[in-house]
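Visitor: Sequence and predicted structure below; questions after.
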Amino acid sequence: MSSSNTPHDPAAGAPVASEAVHWDPDISYSSYLQLDRLLDCQKPRSAEHDEMLFIVIHQASELWIKLCIFEIEAAMRRIEAGDIGPALKMLARVARIQDQLTQSWAVLSTLTPADYGRFRDALGQSSGFQSWQYRQLEFRLGNKHEAMIRAYRGNPSAHALLTRVLREPGLYDVVLKQMGRRGFAIPAERLERDWSLPCEPHPGVEACWAEVYAATERHWEMYDLAEKLVDLDHQFQRWRFEHMKTVERIIGYKRGTGGTSGVAYLVKAMERRLFPELWSVRTGL
């Protein structure tokens, strides 16, 4: 498991499968999962009972986010190659992982304001806002804002990774490029642009999706891919909503530990759609 100072970068290349799996009789459940290391990572900084819940929820979420990134980047490579089938399964898996992430807020919401207040000072300036994995996930999904990288200047490896991911095409960009290769009239300014900027809604892109939805049997792969993207966007919105409501339930409208505006910041974050034309096209269908 990578530390915050050595970000894991799945985009650098998926592990190459060996020709044969070598049987090792000394491998056990514990050693395979490195449980000694994993279960030694929970280090409460106070004597308060509820801090363990807080730590485990966030560590488990980081593991789920790591898997989301792994699946999305693999799906992007498949889509880039025109191999849509396997990408559909990967994106469907991400949506189910998002279910798990959303459910985690229900568990964390058992933490009352009084419970949290007893150990909040032990967190110092640490905040979920500083999660470089979450930011990497957002960038891959197209929610890009260069200013967000500033929070990672003290972590050179994370800063370098996020800078690179910011400047690369996101998932939706790769999808639109593949649509262009398949003969759809994707506007040129959406096929080659400054990838560090979030994509803005374009009527030409919406028209291409309308073409897909008007003839689903002819464009079945792109139709199926579109619905997987909508599901992913929908689940991401659910996750954000539950995050916002959980924070509101525990700290109200206090500022976050990392200096963010807390609930107000989370409410604003919910306003943006990841794949805008896939939502706007529905009105005209």
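Guide: Yep, that arrived. Predicted model only: the values in this text are computed from it and were never measured.
Visitor: how close does the spatially most central residue of the chain get to residue 225?
Guide: For the chain, the residue lying nearest the average C-alpha position, counting by Cα atoms, centre = their mean, turns out to be residue 137 (3.3 Å). With the distance defined as Cβ to Cβ, to the nearest Å, residue 137 ends up 19 Å from residue 225. Bear in mind the C-beta positions are built from the backbone N, C-alpha and C, glycine included.
Visitor: now do residue 46
Guide: Note on residue 46: its distance to residue 225, by Cβ to Cβ, is 47 Å.
Visitor: out of the two, which sits in the more crowded spot?
Guide: Here residue 46 and residue 225 are compared on neighbour count by other Cβ atoms under 10 Å; more neighbours surround residue 225, at 22 against 13.
Visitor: ok now do that one, which residues does it touch?
Guide: Residue 225 makes contacts with 79, 84, 87-88, 91, 175, as judged by Cβ atoms under 8 Å, 6 or more residues apart in numbering.
Visitor: need the helices for the protein, in chain order.
Guide: Counting by DSSP state H, residue ranges of the helices within the chain are 29-32, 35-38, 51-80, 84-108, 113-117, 132-140, 156-166, 171-181, 188-191, 203-214, 220-251, 263-269, 276-280.
Visitor: Now do the third one against helix 84-108, angle only.
Guide: Taking axes from the mean of the first three to the mean of the last three Cα atoms, to 10 degrees, one finds helix 51-80 and helix 84-108 inclined to each other by 170 degrees.
Visitor: Show me what helix 51-80 packs onto, helices and strands only.
Guide: In this structure, helix 51-80 makes packing contacts with helix 84-108, helix 132-140, helix 171-181, judged by 3 or more Cβ pairs under 8 Å, 6 or more residues apart in numbering; DSSP states H and E.
Visitor: pLDDT weak spots in this protein?
Guide: Across the chain, the ranges flagged by pLDDT under 70 are 1-20, 255-262, 264-271.
Visitor: try 90
Guide: Counting by pLDDT under 90, the low-confidence segments of the chain come to 1-26, 124-130, 145, 148, 150-151, 198-200, 239-273.
Visitor: burial measure for residue 240, as a count.
Guide: 17.
Visitor: I meant residue 83, not that one.
Guide: Applying other Cβ under 10 Å, we find 12 other residues in the vicinity of residue 83.
Visitor: how close does it sit to residue 95?
Guide: Separation of residue 83 from residue 95 (Cβ to Cβ): 19 Å.
Visitor: Could you do residue 88 as well?
Guide: Taking Cβ to Cβ as the measure, residue 88 and residue 95 are separated by 11 Å.
Visitor: Let me have the contacts of residue 225 in TSV, extended by distance to residue 142 and neighbour count.
Guide: Listed next are the contacts of residue 225 as TSV, based on distance: Cβ to Cβ, whole Å; neighbours: other Cβ atoms under 10 Å:
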residue	distance to residue 142	neighbour count
79	14	22
84	19	19
87	16	28
88	19	17
91	14	24
175	10	25
